[in-house]
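Engineer: Dropping the sequence and predicted coords here.
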Amino acid sequence: MMTIEIRTVGVLGAGQMGSGIAQVAATAGYTVKLADVDLERATKATSKIAAMLGKLVEKGKLTAEAAEATAKRLIPVAGIADFGDCDLVIEAATENVDLKLKLFAACDAAMKPDALLASNTSSISVTKLAAVTKRPGKVLGMHFMNPVPLMRLVEIVKAVQTEPETYTTIKEAAEKMGKTVVTSNDAPGFLVNRILIPMLCEAMFAVQEGVGTPEDIDTGAKLGLNPPMGPLELADLIGLDTVLAIANVLYTDIGDTKYRAPTLLKNLVRAGWVGKKGGRGFYVYDEKGQKVPEGFVGTITLNRPDKLNALNAELVGELHRVLAEIRRDKDLRALIVTGAGDKAFAAGADIAAMSTMTGPEAKAFGELGHAVGAQMETLAIPVIAAVNGFALGGGCEMALACDFIHASTKAKFGQPEVNLGVIPGFGGTNRLARRVGIGRARELCFTGDVIGAEEALRIGLVNGIHAPEELLGKVKEIAAKIATKGPLAVAQAKRVLLRGLDVPLPTANELEVQAFAALFGSEDQREGMAAFLGKRPANFVGR
Ligand SMILES: CCCCCCCC(=O)CC(=O)SCCNC(=O)CCNC(=O)[C@H](O)C(C)(C)COP(=O)(O)OP(=O)(O)OC[C@H]1O[C@@H](n2cnc3c(N)ncnc32)[C@H](O)[C@@H]1OP(=O)(O)O
Ligand SMILES: NC(=O)C1=CN([C@@H]2O[C@H](COP(=O)(O)OP(=O)(O)OC[C@H]3O[C@@H](n4cnc5c(N)ncnc54)[C@H](O)[C@@H]3O)[C@@H](O)[C@H]2O)C=CC1
């Protein structure tokens with residue numbers, strides 16, 4: 001019996017797997033119709049694939065003509081109703097049996113009678129899916145691996161009903177997409193996940209029982225067993241929701257408790273921490289999907305909210321002590337300073353306390369504030385101010401002593417000391433002039449005017465403004481990004497930028513050359529450059 005010749009492929013589900021399948025199918029010369037829950041998602045995924053093809057052109061792995069022709073073969077569509085002219089539909093929607101049964105019945109109704117229907121399911125019975133269609137002989141599993149464009153395997157799963165011609169046609173199609181095929185009969189988890197999922201779950205049980213940290217488990221597996229990724233890194237890549245769904249199928253269908261999912265996995269999924277695609281799983285990821293080291297970002301919160309975090313001798317003294325401790329902490333790579341409550345970063349030095357101070361007492365207090373500013377400026381790690389409300393007087397000065405400032409849209413800045421018959425005493429006059437220019441600093445210090453976040457952004461006092469509820473998250477993202485960079489390099493950049501401000505340009509340039517050269521020979525310099533050349537993320541250790 002002849003089976004259909006495949007020209008047009010429908011892909012249902014435009015997530016990480018569906019997008020990859022659409023890319024390799026279009027690259028192989030098939031016309032591809034990509035659908036998701038709506039046209040918008042399918043269109044977004046199509047644009048992402050086009051961007052990915054563009055990257056391959058930049059890297060010289062694909063010609064511009066081939067990329068253009070491939071992109072033209074990719075058509076986002078609104079849904080299953082558009083699959084009428086497809087010769088093959090590959091379903092790659094969320095791993096949920098009820099959903100897939102519904103989608104299979106709908107595809108079957110929309111597709112022409114001789115077209116083939118495959119599922120990329122990781123674990124669900126293909127025989128069960130075939131049984132809800134009127135074409136059970138034309139159904140089978142076509143299990144691609146993640147990331148689809150890079151992984152060479154397709155596991156073909158024969159349903160009980162699959163006709164031999166269906167198998168042969170699909171095998172040829174997979175090979176045309178550049179893949180090697182292995183064949184599995186329909187059993188829970190097929191071949192690859194039957195082996196993989198218990199291994200991933202075992203690694204999670206080890207974390208759950210406190211046997212080792214995720215880092216040690218992954219490093220142990222990578223260096224001891226030689227796979228390219230550790231089991232927990234791989235679970236994060238697959239998606240913890242998908243791993244849980246597969247584990248549940250294995251457990252339910254085989255009925256052996258050795259396949260049960262760890263509570264830790266269930267809890268992570270309940271928390272929405274589904275791995276790399278969601279930004280957090282066993283590890284934390286930035287927007288580019290790069291792993292962000294945790295525990296490297298510290299936060300100091302000025303905590304006296306009933307007085308708008310006004311800086312009295314006790315609070316400034318405590319700040320001085322904590323900063324001295326932070327200087328000795330070899331693990332920290334960035335520090336955030338913010339204020340408690342939702343009204344103030346710090347509304348200045350404590351006016352009640354200052355009102356009774358003698359000249360010498362005021363001098364001592366001012367010197368303590370200056371010492372704190374100098375501590376922040378000379379720490380080897382960047383200090384970022386997250387200004388969540390008023391930053392007035394000494395509060396504005398504390399923020400200015402940080403390397404840079406991000407603020408909430410309701411932040412207010414000012415040096416209103418002239419209203420009290422004094423001037424800034426924690427370094428505000430000079431740091432403000434260096435940050436926003438002498439003219440603006442003079443006006444702010446002479447008038448005592450208080451300015452809003454927009455104006456602070458306009459004059460360069462702050463680097464960015466954010467909705468109040470997003471401020472700390474955004475600043476943490478910036479700090480986390482810095483924490484992924486070479487700590488020695490960041491420290492040298494901070495030092496050169498600070499010291500360079502106060503010396504003539506030729507001297508500043510000399511400082512830069514010395515710092516640049518000093519980094520050569522460090523472990524981090526060797527690692528950073530080797531990682532670039534090896535096309536992998538760098539793992540900096542600060543040595
Ligand atoms: C002599 C040593 C030299 C060393 C150098 C020191 C560093 C300097 O350069 C000098 C300075 O910082 S001088 C201080 C500059 N800051 C100001 O003038 C802002 C004062 N605060 C305000 O205008 C309003 O609270 C504000 C507009 C911010 C908010 O108004 P609200 O009506 O929303 O809130 P309030 O009801 O006023 O405030 C809530 C509670 O916080 C207390 N407070 C606010 N700012 C304070 C401050 N800077 N010092 C002491 N207490 C302060 C305020 O009194 C109130 O407390 P309760 O009355 O007990 O509820
Ligand atoms: N993540 C992995 O490493 C692998 C996953 N798979 C399988 O591939 C399938 C998809 O997984 P991923 O792409 O990782 O998940 P994903 O969460 O990245 O993508 C799933 C996509 O399905 C879409 N979807 C949900 N309901 C839909 C509906 N009613 N109609 C159309 N689209 C719908 C979602 O909007 C989403 O875009 C699952 O069956 C999974 O088990 C197979 C091999 C590896």
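Structural biologist: Sure, I can see it. Ligands and ions are numbered 1, 2, ... in the order given.
Engineer: count of neighbours near V11?
Structural biologist: 34 (other CB atoms under 10 Å). Every C-beta, even on glycine, is put in place using the N, C-alpha and C of the backbone.
Engineer: do the same with the one 10 residues further on
Structural biologist: I21 sits with 28 neighbouring residues when counted by other CB under 10 Å.
Engineer: Relative to ligand 1, which residue of the stretch 51-200 of the chain is the closest?
Structural biologist: Nearest residue of the stretch 51-200 of the chain to ligand 1: A51, at 47.3 Å (CB to the nearest ligand atom).
Engineer: same check, this time on the stretch 401-543 of the chain
Structural biologist: Counting by CB to the nearest ligand atom, the stretch 401-543 of the chain gets nearest ligand 1 through G425, at 2.4 Å.
Engineer: how near is the residue of the stretch 251-400 of the chain found nearest ligand 2 to R434?
Structural biologist: Nearest residue of the stretch 251-400 of the chain to ligand 2 (CB to the nearest ligand atom) works out as K277 at 5.7 Å. Distance, K277 to R434, using CB to CB, to the nearest Å: 43 Å.
Engineer: Same question for F282.
Structural biologist: Counting by CB to CB - F282 and R434 are separated by 43 Å.
Engineer: Out of those two, name the residue with the larger neighbour count.
Structural biologist: The residue with more neighbours, out of F282 and R434, is F282; 27 against 12, by other CB under 10 Å.
Engineer: and that one, what pLDDT?
Structural biologist: Confidence at F282, expressed as pLDDT, is 95.
Engineer: count of neighbours near the nearest residue to it once chain neighbours are set aside?
Structural biologist: Spatially, and ignoring its direct neighbours in sequence, F282 is nearest to L232 (4.2 Å; CB to CB, 6 or more residues apart in numbering). With neighbours defined by other CB under 10 Å, the count for L232 comes to 24.
Engineer: Roughly how far does L232 sit from ligand 1?
Structural biologist: For L232, the distance to ligand 1 equals 47 Å [CB to the nearest ligand atom, to the nearest Å].
Engineer: Heading C-terminal from the helix or strand where that residue lies, find the next helix or strand.
Structural biologist: Under the criterion of DSSP states H and E, L232 resides in helix 231-238. As assigned by DSSP H and E, the chain's next helix or strand after helix 231-238 is helix 240-254.
Engineer: and the angle for the host helix or strand of V269 with helix 231-238?
Structural biologist: If you go by DSSP H and E, V269 is part of helix 263-270. Helix 263-270 runs at 30 degrees relative to helix 231-238, counting by axes from the mean of the first three to the mean of the last three CA atoms, to 10 degrees.
Engineer: so what's the closest residue to ligand 2 within the stretch 201-350 of the chain closest to, chain neighbours aside?
Structural biologist: Per CB to the nearest ligand atom, I238 is where the stretch 201-350 of the chain lies closest to ligand 2, at 3.6 Å. Leaving aside its chain neighbours, I238 sits nearest to N146 (6.1 Å; criterion: CB to CB, 6+ apart).
Engineer: what's the burial count for the one you found?
Structural biologist: Neighbours around N146, by other CB under 10 Å: 15.
Engineer: so how many other residues sit close to A159?
Structural biologist: For A159, the neighbour count with other CB under 10 Å is 24.
Engineer: hang on, it packs against A130?
Structural biologist: Yes: with contact defined as CB atoms under 8 Å, A159 reaches A130; the gap is 4.3 Å.
Engineer: shared neighbours of these two, which are they?
Structural biologist: Residues touching both A159 and A130 (CB atoms under 8 Å, 6 or more residues apart in numbering): 136, 139-140.
Engineer: Show me which residues of stretch 341-349 are buried.
Structural biologist: Using 16 or more other CB atoms under 10 Å as the burial criterion, the residues of stretch 341-349 that qualify are 341, 344-349.
Engineer: Please write out the alpha-carbon positions of that stretch in PDB.
Structural biologist: Coordinates of each C-alpha in stretch 341-349 appear next as PDB, following Å, rounded to 0.1, in the frame of the first residue of the first chain:
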ATOM      1  CA  GLY A 341       8.600  50.400  53.800                       C
ATOM      2  CA  ASP A 342       7.000  51.900  50.800                       C
ATOM      3  CA  LYS A 343       7.600  55.600  51.500                       C
ATOM      4  CA  ALA A 344      11.300  56.300  51.800                       C
ATOM      5  CA  PHE A 345      14.800  55.200  50.900                       C
ATOM      6  CA  ALA A 346      15.900  57.700  53.600                       C
ATOM      7  CA  ALA A 347      14.400  61.100  54.300                       C
ATOM      8  CA  GLY A 348      17.700  62.500  55.400                       C
ATOM      9  CA  ALA A 349      19.800  62.700  58.500                       C
END
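Engineer: can you give me the mean pLDDT across it?
Structural biologist: On average, stretch 341-349 scores 95.
Engineer: Enumerate residues external to that stretch that contact any of its residues.
Structural biologist: Stretch 341-349 is contacted by residues 302, 305, 307-312, 338-339, 365, 369, 385-396, 398-399, 411, 416-417, 425-426, 468 when judged by CB under 8 Å, 6+ apart.
Engineer: Give me the contact status of that stretch with ligand 1.
Structural biologist: Yes: Stretch 341-349 reaches ligand 1 (CB under 6 Å from any ligand atom) through 347-349.
Engineer: how about the residues of the stretch 401-543 of the chain near ligand 1?
Structural biologist: Proximity of the stretch 401-543 of the chain to ligand 1 (CB under 6 Å from any ligand atom) is limited to residues 416-417, 420, 424-426, 428.
Engineer: I'd like to know which of those residues is nearest to A115.
Structural biologist: Nearest to A115 among those, counting by CB to CB, is G428 at 72.8 Å.
Engineer: List the contacts of the spatially closest residue to the closest one that is not a sequence neighbour.
Structural biologist: Spatially, and ignoring its direct neighbours in sequence, G428 is nearest to E397 (3.9 Å; CB to CB, 6+ apart). By CB under 8 Å, 6+ apart, the contact set of E397 is 369, 373, 415, 424, 426-428, 431.
Engineer: strands paired with the worst-scoring helix or strand of the chain on mean pLDDT, and their directions?
Structural biologist: In the chain, no helix or strand scores lower on mean pLDDT, DSSP states H and E than strand 291-292, which sits at a mean of 78. Strand pairing for strand 291-292, using DSSP bridges, gives strand 284-285 (antiparallel).
Engineer: Flag every residue of the stretch 201-350 of the chain that's near ligand 1.
Structural biologist: Proximity of the stretch 201-350 of the chain to ligand 1, by CB under 6 Å from any ligand atom, involves residues 307-308, 310, 347-350.
Engineer: And for the nearest residue to E294 once chain neighbours are set aside, the neighbour number?
Structural biologist: Leaving aside its chain neighbours, E294 sits nearest to V284 (5.6 Å; criterion: CB to CB, 6+ apart). By the criterion of other CB under 10 Å, V284 has 16 neighbours.
Engineer: Bridged to V284, which residues?
Structural biologist: Bridge pairing for V284 - DSSP bridges - gives R280, V292.
Engineer: is it true that it touches V292?
Structural biologist: Yes: at 4.6 Å, V284 counts as touching V292 under the criterion of CB under 8 Å.
Engineer: what is in contact with those two at once?
Structural biologist: In terms of CB under 8 Å, 6+ apart, V284 and V292 are both contacted by the residues A480.
Engineer: Quick one: end-to-end distance for stretch 51-67.
Structural biologist: One end of stretch 51-67 sits 10 Å from the other (CA to CA, to the nearest Å).
Engineer: that older thread, which residue sits closest to the residue of the stretch 401-543 of the chain closest to ligand 1, ignoring its sequence neighbours?
Structural biologist: Closest residue in space to G425, ignoring its immediate chain neighbours: G366 at 4.0 Å, by CB to CB, 6+ apart.
Engineer: before we move on, which element is the one you found in?
Structural biologist: Here G366 is assigned to helix 359-378, by DSSP H and E.
Engineer: Check K128 too.
Structural biologist: Under the criterion of DSSP H and E, K128 resides in helix 126-131.
Engineer: Let me see the ranges of the strands in the stretch 301-450 of the chain.
Structural biologist: 334-339, 344-346, 383-387, 390-392, 404-408, 412-414, 450-452 (DSSP state E, counting those that start in this stretch).
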